[in-house]
Structures are given as C-alpha cells and as structure tokens.
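Participant: Build me a model from this:
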Amino acid sequence: MTDDSQRPIIVKKIKKGGHGAHGGVWKLAYADFMTAMMAFFLLMWLLGSTAKGDFEGISEYFKTPLKVALQGGAGSGDSSSVIKGGGKDLTRQAGHVKRGEIESETKKFVMKETSLEYQRKEQEALENLKARIERAIAENPQLALFKNQILLDITAEGLRIQIVDEQNRPMFDLSSAELKPYTKEILRQIGKTLNAVPNRISLAGHTDAAQFSAGDRGFSNWELSANRANASRRELITGGMEDAKVLRVVGLASAVLFDKNDPLNPVNRRISIIVMNKKTEIAVLQEEGPETEVGTQGEATPESLKLPVGSKPNAG
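Facilitator: Residues are numbered from 1 along each chain as shown. Next up is the predicted model:
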C-alpha cells in the first residue's frame, strides 16, 4: 500500500468569468445615464424659465470676445462696415438700433420740445412774429387798408392769423375759390414773414351758413372752403413761404362760425392760418392731444380775437 503522506497535493482553481454581467459594472453605467438625464431636464427647465432679455444677454456674452469684454470697445463684426456694430452678418442685433431705443429717443425729444423753458422761448418767438406781421401791415399802404380784416392772436395752438370778409370787400369771388387781387397781396406779404420761425402751419377755410341750391349733396360749402384754403396755401408759397412748412390744409365750411349769432354774417367767411407751437405740431403728427381749431381751445370767437377798437363786422 502506498503511504498517504507521500501523495502529491493537487489544487484546482476555478475561474468564474462567464457571468460578468451580474457584477457591479452596469450600476456605474446606469448612474451615468441618470446623471445625464438629470442634467438634460435641468437644462430644459432653465430654458423654459429664462426671460427673452436674459437670452439676449447670454448670447451677447458669447458673441463678445474676452479681450473686448475686459478692456471695453466695439464688438465683433465692425471691421468691414462703416456703420458701428455693422458687418456682413445682417442677422445680428449687436450694435443695431432697436425699436425700443427709437421710441425712447422720441419720448426724450417730445419732453424736450414741450418743456416749460422751450415753451417760453417759443411763445416769445411767436409774439415777435405777431409784432412783425402787425408792423408789416402798418408800413404797407396797401395792407393798411385791410388791417381790420387781418386778425392776429395767440391761442393754445400757436399764433392764429385770420383774414375775414367784409360786406363790400370780400376775399374771394362769390361762390368761388378765385382770390381777389388784394387778398393775394395780403397772403404773399404774410408768407414772407412766416419763414422767420421754424414752426409749421395749418390752413383752414371757412364759409358762412348760406347753402348752395343742391345742399351738401353736390358741390357744397365743404368743397368751397377746402378749395379756398388750398388757394390761400398757393399764394403763401408764391409770397416766399417754404412749402414744407404746411402741415395741414382743411375745409371746415360753416362748422366753426366766427359770429354764432348771425350765421350769414360775411365775417364768417375767412381763412385761418395757425403757426403751430411744437406741442400742437406733435399732437397733429400723432393724431392725438390738444383740441384743434374745431375744438374748444382753438374755437374762433370775436372775444378771443379782440377786434381792433372801433371796428365792427358789417351785417348783410
């Protein structure tokens, strides 16, 4: 028999490599996936809760080089354009004038043009213009004959110049927009003086309440008053007034009577020229603001116009 102590000892090593999937590697992969998903949903949440202005700020941050951000100066895209902030990329907004900026500048301009100091200076300029026109009328023998028909006053809209009819001295031919020779001379002399101020003007034609045979259904006082206002505009320009100064030409027929007690009074037939202050001009351009001539502030009345002492509109 063989001695057991002399038998060799055999050690068997069993390699377990066929079931690696049941180890801990998959847990690491799953943890990375969950981290990525969490980051994705966090990004989506941030995108959904960020305002548009913040987006633009972030975009501008990445568009601006670090050197420019630290040292100041213009952004990229300026090198090929003479316009600051320009460049070949027309889709970029950096350096472009935005709508909000334009509106802001417009508000600043309106505030400046309607400030108390500006209004005071403008009022003084209109007063000087009024005195200049009155002096021109007094010094011109031809115009001096019609001084009672030329009425000037300062209203909430600016300097108002009204040329009114008299019984025996009408401005136009009967039922016509043809100006009398002396009316042309009056308008041309006034036109020479209006360039002394930068203010723009509005023109309004007025008639009395006498109706045409066809009433308002055919050619009426509305058309007649508008035609007369346009005829007056042409004479002002002929006299030397810049045509760009005219902002508005309207025909008001008998809607705004000078003499409300006598709608047929010849004094109701008139041309009204308003040298508008800046506040009224802005209101007209924006189609809002203070009342125009049809309204209460600009309504023509004998009291507001202060007729010369001793003058009285002729009836008839």
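Participant: which residues of this structure fall in helices?
Facilitator: Along the chain, the segments classed as helices by DSSP state H run 25-49, 52-63, 66-71, 99-113, 116-139, 141-144, 181-194, 221-238, 278-286, 302-305.
Participant: do you know which of these lies nearest residue 164?
Facilitator: helix 302-305 (9.0 Å; Cβ to Cβ). Where you see a C-beta, it was placed from the backbone N, CA and C, and this is true even at glycine.
Participant: Any stretches of the stretch 101-250 of the chain with poor pLDDT?
Facilitator: For the stretch 101-250 of the chain, the stretches with pLDDT under 70 are 101-114, 214-216.
Participant: how about a cut-off of 90?
Facilitator: 101-123, 125, 132-149, 165-176, 182, 189, 192-198, 210-219 (pLDDT under 90).
Participant: what about the nearest residue to residue 176 once chain neighbours are set aside, neighbour count?
Facilitator: Leaving out its chain neighbours, the residue that sits closest to residue 176 by Cβ to Cβ, 6 or more residues apart in numbering is residue 224, at 8.0 Å. Burial of residue 224 is recorded as 21 neighbouring residues (other Cβ atoms under 10 Å).
Participant: ok, residue 224 - contacts?
Facilitator: 175, 176, 177, 205, 207, 251, 253 (Cβ atoms under 8 Å, 6 or more residues apart in numbering).
Participant: Check the gap between it and residue 175 for me.
Facilitator: Separation of residue 224 from residue 175 (Cβ to Cβ, to the nearest Å) stands at 7 Å.
Participant: got it, and residue 197?
Facilitator: With Cβ to Cβ as the criterion, residue 197 and residue 175 are 35 Å apart.
Participant: Over to residue 271?
Facilitator: Distance from residue 271 to residue 175, by Cβ to Cβ: 16 Å.
Participant: Please apply the same query to residue 148.
Facilitator: 24 Å.
Participant: out of the two, which sits in the busier spot?
Facilitator: More crowded of residue 148 and residue 175, by other Cβ under 10 Å: residue 148, with 15 against 12.
Participant: From residue 24, how far out is that one?
Facilitator: Distance from residue 148 to residue 24, by Cβ to Cβ: 112 Å.
Participant: likewise residue 262?
Facilitator: 110 Å.
Participant: quick one, which of those two is more surrounded?
Facilitator: Here residue 262 and residue 24 are compared on neighbour count by other Cβ under 10 Å; more neighbours surround residue 262, at 16 against 6.
Participant: And the more buried one, its phi and psi?
Facilitator: Dihedral pair for residue 262: phi -140, psi 90, per degrees, to the nearest 10.
Participant: Check residue 52 and give its pLDDT.
Facilitator: pLDDT for residue 52: 69.
Participant: right, I mislabeled it, should have said residue 38
Facilitator: Predicted confidence (pLDDT) for residue 38: 92.
Participant: Residue 97 too?
Facilitator: The model reports residue 97 with a pLDDT of 51.
Participant: One more: residue 35?
Facilitator: Turning to residue 35, the model gives it a pLDDT of 93.
Participant: Neighbours of it, how many?
Facilitator: 10.
Participant: How about the one 3 residues further on?
Facilitator: Using other Cβ under 10 Å as the criterion, residue 38 is surrounded by 10 other residues.
Participant: Tell me the pLDDT of residue 14.
Facilitator: The model's pLDDT for residue 14 equals 64.
Participant: what does residue 296 give?
Facilitator: Residue-level pLDDT assigned to residue 296 equals 35.
Participant: hang on, residue 253 packs against residue 221?
Facilitator: Yes: if you go by Cβ atoms under 8 Å, residue 253 and residue 221 touch, sitting 3.8 Å apart.
Participant: For PyMOL, write the selection for the buried entries among the contacts of residue 224.
Facilitator: Restricted to buried positions by 16 or more other Cβ atoms under 10 Å, the PyMOL selection for the contacts of residue 224 reads:
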select buried, resi 177+205+207+251+253
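Participant: Would you point out the most distant pair within the contacts of residue 224?
Facilitator: It's 176 and 253 that sit farthest apart of the contacts of residue 224, by Cβ to Cβ, at 15.3 Å.
Participant: where along the stretch 151-300 of the chain do the strands fall?
Facilitator: For the stretch 151-300 of the chain, the strands defined by DSSP state E, counting those that start in this stretch cover 158-164, 201-206, 246-251, 270-276.
Participant: Now distance to residue 124 too, for these, in CSV please.
Facilitator: CSV is the format used below for the strands of the stretch 151-300 of the chain (distance: least, Cβ to Cβ, whole Å):
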stretch, distance to residue 124
strand 158-164, 12
strand 201-206, 18
strand 246-251, 22
strand 270-276, 13
